[in-house]
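Colleague: whatever this is, show me its structure:
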Amino acid sequence: MPEEQSLLELLACPKCHGKLARIGSPDGFACERCALFFAMDDGLPNMLIEDATPWPASSKTSKPSGGHA
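Modeller: Sure thing, here's the model as predicted:
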């Protein structure tokens, strides 16, 4: 869809200003650099950083332990 492609070219990640990837299920946009997903709400992209979720969903479930001596 040409309209959707032009929207994708205009949108940028609000955190790093990088490119976004269009995700179909769930419906929204993802930033691979920040590992954040921005969902569509009522047909509009919600680009608020505080509403974003980790992307992919399983990537932020475990954090490496920092061994302090």
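Colleague: now the strands for the chain?
Modeller: According to DSSP state E, the chain carries its strands in the segments 21-23, 28-31, 36-41, 44-45, 53-54.
Colleague: how far off centre is the last one?
Modeller: By that I understand strand 53-54. For strand 53-54, the separation from the chain centroid amounts to 7 Å (computed by CA atoms, centre = their mean, to the nearest Å).
Colleague: please identify the most buried of the strands of the chain.
Modeller: Mean neighbours per residue, mean count of other CB atoms under 10 Å, is largest over the strands of the chain for strand 28-31, with a mean of 22. For glycine as for every other residue, the C-beta is placed from the backbone atoms N, C-alpha and C.
Colleague: in contact with the spatially closest residue to Gly18 that is not a sequence neighbour, which residues are there?
Modeller: Using CB to CB, 6 or more residues apart in numbering and skipping residues adjacent in sequence, the residue nearest Gly18 is Arg33, 4.6 Å away. Each residue near Arg33 by CB atoms under 8 Å, 6 or more residues apart in numbering is listed here: 13, 16, 18.
Colleague: now list the buried members of those residues.
Modeller: If you count burial by 16 or more other CB atoms under 10 Å, the buried members of these come out as Cys13.
Colleague: which member of the contacts of Arg33 is positioned nearest Met47?
Modeller: Cys13 (8.3 Å; CB to CB).
Colleague: output the strands of the chain as CSV; include the columns distance to Leu7 and mean pLDDT.
Modeller: Shown next, in CSV, are these (distance: least, CB to CB, whole Å; pLDDT from 0 to 100):
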stretch, distance to Leu7, mean pLDDT
strand 21-23, 9, 93
strand 28-31, 9, 96
strand 36-41, 11, 96
strand 44-45, 8, 91
strand 53-54, 20, 96
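Colleague: of the ones you listed, which is nearest Ser6?
Modeller: Nearest of the strands of the chain (CB to CB): strand 21-23, 11.9 Å.
Colleague: one step back: save the strands of the chain as JSON lines, and put in distance to Glu9 too.
Modeller: Shown next, in JSON lines, are the strands of the chain (distance: least, CB to CB, whole Å):
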{"stretch": "strand 21-23", "distance to Glu9": "11"}
{"stretch": "strand 28-31", "distance to Glu9": "12"}
{"stretch": "strand 36-41", "distance to Glu9": "16"}
{"stretch": "strand 44-45", "distance to Glu9": "13"}
{"stretch": "strand 53-54", "distance to Glu9": "24"}
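Colleague: thank you, goodbye.
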